[in-house]
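> No sequence on hand, only this structure:
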């Protein structure tokens, strides 16, 4: 048993991928036990999750629906999550904890909604403008947080939580007094031209939603990877994140770096906001912060704060979330079980340091045992 | 004026008790983002006890009321063991552990609430109805002008909180355990060298945090929401964390921060009512506590200092 574990997980070069996969498998097994405990078939449930996310064909589809429909709407849900997780990851690299992604998302989504979303602009102008406004608004909020930290030593956890509440109530006030849709009790829907997701486009025989920004999200993830690993700004960000005093000693302007990384983080949160409120959704529910910004913290950490890792971790977590409603409909398992599985995945991933430590211990044990055996043989 | 004090206190004190829990955990060196989940899980266990013993209609029984708080404490404490297990034993990243605890608490309590309602009461519902706790007024003291409001229409849980808070203060600052706990947050190696078990001290601190968060959650379930449902997860825990950091990880300043949140909030509602504005204006004044906090932080943050070893995994061999 130990031998197998060491062989699979002990290799230093493959460990960075082997251990996450091992913890995910472990959590899926525990999830299976839970589902079996509820008296349902675990494998069917997992198949349902994949089917719901459009990664496996369902047994039957209604008119204009197909696997592609499900997959595209999965991508539609994935886009804001990927941006939000990247936002958390970049801040985390600089040693800052951006717990206010949800508030930054709402601020960006709201400003873009009332400026472009309710205007008569044509799609060609409106869509880039929405993205631009999202970036700028998010960046400004991020800059404020960074400035407060740098100039007044205000802990970013407190300031972002405060800004979360301020944005939440302020937008709620304006929506309720000016932009309310009396029937849905949400803000009025934004114009089709400004929406970042093309809804119900006919592709062949199917009608699908096309999230335009998913490609942008992947490109930006790669750009972030490049920024962090290959530029001097990225080096400074990481240096500040790992040891502030050493960075200062090395001549890096710590305050400036923190403000800049908070601005990047805010801009990414802004992108998450516009793709969420003007892509995935088309209106804003007053006084509600989305869970996306909080889940993104876990997704970013699951991806080890690595922009490329974030692509995979957000894919996994969103897949489970997206598939849950179909699993509930097909197997009669409550949708909350999907969140439990998500929690389990994160839980076991959180233990990866421990797994690495144990595997290393076993490895040395085995090596010593081998050496002892060899010694015994030589003596004879 | 008296309404501001009454409502302000009934919001500030539950927040305060959760923040004290946070102080225990963080002063021992363990980042605690899990307060949100701990308070929800504690409230769930307390509410579960209430509906199982007295049905879904709500009850006036005082005995059940106090037992609900006891169970909320136990619930929060047991659930917090998960955080302790991850942070202390499995050396997990404490931030991710906190977030996981929150996600799991939300999912588990929502799921279990539905299941219990379905299997025990045969009704599809996602909440436990509790009703609002009864209040009492202290006779003579409440007649004092202005200050008397503190003794008017008091929820019984406010008394519980004050008693627990005094004990918590005493333990943290005047007992041997409190000294070890605070040392764990600043220099765990020194504690280890003195022959104390860092892991054990931290585990107990996290359990205290869970128990106190459970009380806080139960208070909100018994006052603002009058039920247990997903509405308990609206960020009370995060607000408590903010109050704790604002209070510089010390109990008395944290009380000040909580009172600020509470009074600014109730004053805001009162202003809207006095000015006879439509209710949507309450959203506007609700930003006041948070803007005020940011402004105050500009002046007070200079001396803000987190426990030195906060968030660091204790590694015996590290120098």
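Arrived safely. Being a predicted model, the structure only gives us computed values, none of them experimental. Numbering: from 1, shown residues only, chains lettered A, B, ... in the order given.
> For chain B, which segments count as strands?
Per DSSP state E, chain B carries strands over the ranges B:128-129, B:227-228.
> let me fix that: the stretch 51-200 of chain A
A:180-181, A:186-187, A:197-203 (DSSP state E, counting those that start in this stretch).
> so the residue of the stretch 251-380 of chain A found nearest chain B is in which element?
With Cβ to the nearest Cβ as the measure, residue A:339 is the residue of the stretch 251-380 of chain A nearest to chain B, at 3.3 Å. For glycine as for every other residue, the C-beta is placed from the backbone atoms N, C-alpha and C. Secondary structure from DSSP states H and E places residue A:339 in helix A:336-350.
> and that helix, what other elements does it pack with?
The contact analysis (3 or more Cβ pairs under 8 Å, 6 or more residues apart in numbering or on different chains; DSSP states H and E) places helix A:336-350 against helix A:15-37, helix A:292-302, helix A:307-331, helix B:94-119.
> Any chance of those helices in a markdown table with mean neighbour count, distance to residue B:288 and mean pLDDT as columns?
Converted to a markdown table, these look like this (neighbours: other Cβ atoms under 10 Å in any protein chain shown; distance: least, Cβ to Cβ, whole Å; pLDDT from 0 to 100):
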| stretch | mean neighbour count | distance to residue B:288 | mean pLDDT |
| --- | --- | --- | --- |
| helix A:15-37 | 16 | 44 | 88 |
| helix A:292-302 | 28 | 23 | 89 |
| helix A:307-331 | 21 | 35 | 92 |
| helix B:94-119 | 22 | 27 | 89 |
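> mind putting the ones you listed in JSON lines, distance to residue B:214 included?
JSON lines is the format used below for the helices and strands packed on helix A:336-350 (distance: least, Cβ to Cβ, whole Å):
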{"stretch": "helix A:15-37", "distance to residue B:214": "24"}
{"stretch": "helix A:292-302", "distance to residue B:214": "21"}
{"stretch": "helix A:307-331", "distance to residue B:214": "28"}
{"stretch": "helix B:94-119", "distance to residue B:214": "11"}
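> Pick the most buried one from the strands of chain B.
Ranked by mean neighbour count, those are led by strand B:227-228 with a mean of 24 (mean count of other Cβ atoms under 10 Å in any protein chain shown).
> Contact residues of the stretch 51-200 of chain B facing chain A?
Within the stretch 51-200 of chain B, the positions near chain A by Cβ under 8 Å from any Cβ of the partner chain are B:86, B:89-93, B:95-97, B:99-100, B:102-104, B:106-108, B:110-111, B:114-115.
> can you tell me which residues contact whichever residue of the stretch 51-200 of chain B sits closest to chain A?
Residue nearest to chain A within the stretch 51-200 of chain B (Cβ to the nearest Cβ): residue B:107, separated by 3.3 Å. Residues near residue B:107 by Cβ atoms under 8 Å, 6 or more residues apart in numbering or on different chains: A:336-337, A:339-340, A:342-343.
> which one of the helices and strands packed on helix A:336-350 lies closest to residue B:274?
Nearest of the helices and strands packed on helix A:336-350 to residue B:274, taken as Cβ to Cβ: helix A:292-302 at 35.3 Å.
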